[in-house]
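Novice: What follows is a predicted protein model with its sequence.
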Amino acid sequence: MGRARGGPRGIAARAGGWSARHRWAAVGIWVLFVLLAMVAGSATGRVELKDSEQLSGETTQAARITEEAGVEEPAGESVLVQARDGSVRATDPAFRTAVDEVMKAVDGTREVTAVTSPYDSGSISKDGRSALVRFNVRGDPESASERIDPVLDAVAGVQERHQELRIEEIGSASMNKTFDEAFGDDFQRAEFSAVPVALGILLIAFGALVAALLPVLLAITAIMATMGLMGVVSHLMPMSETANSVMLLVGLAVGVDYCLFYLRREREERAAGRDGRTAILIAAATSGRAVVVSGVTVCVAMAGMLFTGIGEFESMGLASLIVVAVAMVGSVTVLPALLSLLGERVEKGRVPFLRRLKRDGQGGGGSRVWTKVLGGVLRRPLVSFLVAAGALVAVALPAVGMKTQNFTLDQEFGDSVPIVATYERVNEAFPGGADPAEVVVRADDIDSAPVRRALADFLEQAVSSGASHGPVEVVTHKRQNLAFVYVPLVGGSDQDRAEKSLELLRDKVRPATLGTVEGVEAPISGQVAGSKDFNDQLTGAVAPVFAFVVVFAFVLMLLSFRSLTIAATSIVLNLLSVGAAYGILTAVFQHGWGASLVGAEGVGAIIAWLPLFLFVILFGLSMDYHVFVVSRIREAKLQGRETREAITHGVVTTAGVVTSAAVIMVAVFAIFGTLSMQSMKQMGVGLAAAVLIDATIIRGVLLPAVMALLGERNWYFPRWLRRLPDLTHDEHPPPGAEGAPVPREPERVSA
């Protein structure tokens with residue numbers, strides 16, 4: 001398990017030693033790196049992810065055709081005019097007067113074009129109680145929400161004069177404006193409050209302002225550098241806005257974790273009587289090595305997202321990978337330099353009335369609690385294993401019936417904003433009208449007789465086949481030889497029924513009509529099509545992503561600990577914690593069990609992107625704790641302790657830092673669980689629950705129970721594997737350090 005002891009070996013130990021000796025150079029290089037990354041990102045600009053780069057299905061094909069033609073679809077809006085009871089119908093003079101006033105009012109704002117009467121377009125419901133006035137917003141559709149206020153005010157004015165009717169506006173611009181106002185500040189508060197929450201917990205953990213600020217400072221500088229690097233990298237792989245939020249979450253979590261691990265060990269060694277330089281070197285060779293192994297494992301896990309073929313996932317994965325790598329490098333370079341510069345001043349700014357964690361690794365309430373828990377676990381390891389594993393399997397069982405889908409508006413936002421009720425009323429009166437399928441038809445000559453006949457046949461069969469109740473709208477761009485066909489799907493907001501209608505269009509109606517004309521392309525996109533294509537591609541990506549992450553994590557653990565047993569148990573325990581998180585998500589959000597406790601509601605499904613996202617994030621982050629705890633156990637074993645004694649030493653001495661790190665992660669993730677959007681609630685609750693399970697049941701009960709049961713077999717490493725590269729490091733104080741124990745190789749069980 002080790003090699004010749006000629007001095008500290010391994011990149012973390014060497015980097016820490018160099019930084020401690022050249023502390024001003026190390027700090028200067030880090031500051032220069034962060035500044036250069038930010039300047040480079042600002043200079044190159046950032047390339048945003050386009051719709052045509054999201055997927056590889058028909059929705060992407062439709063977006064690509066539209067982009068190539070240079071056609072910019074305007075932001076479409078509709079005004080629902082609806083009788084509040086059955087006394088007024090669309091044919092009545094009072095109803096017609098209200099429709100005319102709506103058309104005149106919106107046209108008078110000079111912000112809209114193509115105002116269309118429902119009596120001309122046929123947008124009148126079957127029961128005759130509802131009608132839709134349709135129009136487009138002038139100018140750039142991306143900024144339409146910023147110019148929609150006068151139109152909304154005009155519609156509200158008509159509503160004031162016609163209380164017997166319901167007159168409400170809905171469309172992409174009005175919805176974006178409503179959601180930006182309702183949830184934009186919500187997101188910003190969540191992101192900005194994450195740092196103060198982390199700082200507050202660190203203050204409680206360390207009891208000193210300087211010690212608490214170091215992890216936050218490292219995380220923030222890593223995030224700043226990554227923001228710049230993302231701009232540069234976006235020219236090779238475009239980035240999405242979602243990648244920013246995910247990068248911030250991951251960067252804060254790992255940046256604080258890595259610094260916390262390092263700083264905690266340095267303080268512990270100082271408390272044991274080491275001088276400052278020796279304490280830093282020990283921290284570099286032990287916690288620094290754990291940070292490198294953990295960081296590389298997290299990077300491998302994040303790289304798994306690059307295999308999905310989904311633009312959103314690829315940008316999130318790459319952004320997360322970069323921030324983890326930057327935080328890891330900062331932890332093993334600039335942090336030792338800062339600790340060397342500060343010395344005992346790291347204890348400055350002690351906060352009154354806050355109980356500091358004792359520095360000997362055995363103190364602190366958390367460690368005493370875990371000492372008692374661990375004592376019970378090691379006395380009855382088999383019982384502890386069966387109870388803990390059984391409980392997690394039971395928690396994971398609901399995940400067997402997990403259903404995933406992209407959320408409709410009402411599922412995502414519930415009744416938290418009034419426009420959702422409008423969306424539901426439009427879907428009820430005009431099934432599928434709020435989210436129609438969009439057929440992008442491209443031909444050599446869109447105005448040729450065969451194409452016109454095929455379009456007419458498509459419109460007729462879309463209704464006669466039962467895929468749509470109509471009305472089907474066609475917008476032609478003759479100069480670009482394009483036509484956009486908008487087909488309200490039967491099923492409306494019922495995703496399963498709407499997908500069946502979509503299949504009818506794709507598999508029967510299109511081949512029998514547009515498919516008969518040579519040279520015609522007609523991909524079908526829209527909200528329902530996008531959801532289906534996303535799910536189909538995601539389903540196909542699950543197996544390769546899972547295999548990639550699990551295999552590479554296994555190999556990395558095998559090389560880092562030179563133990564087949566440690567590598568295998570690491571994977572199994574991590575999969576168990578992920579499974580438990582899936583079970584909690586399914587129980588709470590799909591079945592609604594205890595949903596009110598987290599301010600949520602059962603929406604009947606899990607957002608489609610979350611299971612794979614959770615797997616990758618959790619598999620990576622859970623390795624932080626695992627590598628840190630197992631490294632400490634291995635270190636104790638190298639120092640000559642028996643296996644159970646080494647387990648006790650490893651778990652108890654890491655309990656304080658693991659608890660602090662877990663509390664920070666849970667608190668930060670829980671902030672996102674307070675947001676109004678159901679998808680964000682699911683992400684926050686899933687991540688928080690998984691980290692809590694991982695830091696308590698997995699690391700505090702299952703890991704020591706399994707290792708106690710295995711005994712010396714923990715270090716099983718077959719002879720035929722010994723040709724593999726040796727990435728283990730000497731996890732003991734450097735030769736000559738005062739009080740350094742003489743390391744002893746653990747007994748190996750080999751075959």
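Specialist: In hand now; what should we look at? Numbering: from 1, shown residues only.

Novice: buried set for the helix or strand where residue 511 lies?
Specialist: Secondary structure from DSSP states H and E places residue 511 in helix 510-512. Residues residue 510 are the ones in helix 510-512 that count as buried (16 or more other Cβ atoms under 10 Å). In short, each C-beta sits where N, CA and C put it, glycine included.

Novice: immediately after that helix, which helix or strand?
Specialist: Going C-terminal from helix 510-512, and assigning secondary structure by DSSP H and E, you next hit strand 524-525.

Novice: average pLDDT across that following strand?
Specialist: Strand 524-525 shows a mean pLDDT of 88.

Novice: Report all helices and strands that that strand contacts.
Specialist: The contact analysis (3 or more Cβ pairs under 8 Å, 6 or more residues apart in numbering; DSSP states H and E) places strand 524-525 against helix 58-69, strand 437-442.

Novice: Remind me what the next helix or strand after the shortest one packs against, helices and strands.
Specialist: If I follow you right, that is strand 437-442. As assigned by DSSP H and E, the chain's next helix or strand after strand 437-442 is helix 449-464. Applying 3+ Cβ pairs under 8 Å, 6+ apart, one finds that helix 449-464 contacts strand 437-442, strand 482-487, helix 510-512.

Novice: 7 Å instead?
Specialist: Judged by 3 or more Cβ pairs under 7 Å, 6 or more residues apart in numbering; DSSP states H and E, helix 449-464 is in contact with strand 482-487.

Novice: The strand it packs on to helix 58-69, inter-axis angle?
Specialist: 150 degrees (axes from the mean of the first three to the mean of the last three Cα atoms, to 10 degrees).

Novice: Report the angle between strand 482-487 and strand 437-442.
Specialist: 160 degrees.

Novice: Next, the angle helix 449-464 makes with strand 482-487.
Specialist: 10 degrees.

Novice: if I pick residue 319, what's in contact with it?
Specialist: 226, 230, 239, 243, 246, 247 (Cβ atoms under 7 Å, 6 or more residues apart in numbering).

Novice: Could you report the distance from residue 350 to residue 206?
Specialist: Counting by Cβ to Cβ, to the nearest Å, the gap from residue 350 to residue 206 is 9 Å.

Novice: Comparing the two, which residue is more hemmed in?
Specialist: More crowded of residue 350 and residue 206, by other Cβ atoms under 10 Å: residue 206, with 28 against 14.

Novice: you'd agree the more buried one is up against residue 212?
Specialist: Yes: under the criterion of Cβ atoms under 7 Å, residue 206 makes contact with residue 212 at 5.1 Å.

Novice: First-to-last residue distance for stretch 496-514?
Specialist: 25 Å (Cα to Cα, to the nearest Å).

Novice: An error on my part: the question was meant for stretch 118-135.
Specialist: 11 Å.

Novice: quick one: average confidence on that stretch?
Specialist: The model assigns stretch 118-135 a mean pLDDT of 87.

Novice: ditto for stretch 704-720
Specialist: 89.

Novice: just stretch 479-494 next, same as before
Specialist: 83.

Novice: looking at the helices and strands packed on strand 524-525, which is buried most?
Specialist: When you average the neighbours per residue for each of the helices and strands packed on strand 524-525 (mean count of other Cβ atoms under 10 Å), strand 437-442 leads with a mean of 24.

Novice: From the contact counts, what lies against the longest helix anywhere in the chain?
Specialist: When the chain is parsed with DSSP state H, its longest helix is helix 527-561. Applying 3+ Cβ pairs under 7 Å, 6+ apart, we find helix 527-561 packed against helix 58-69, helix 287-303, strand 404-405, helix 495-504, helix 564-585, helix 610-638.

Novice: So which bits of the longest one are buried?
Specialist: Going by neighbour count (16+ other Cβ under 10 Å), the buried part of helix 610-638 is 610-638.
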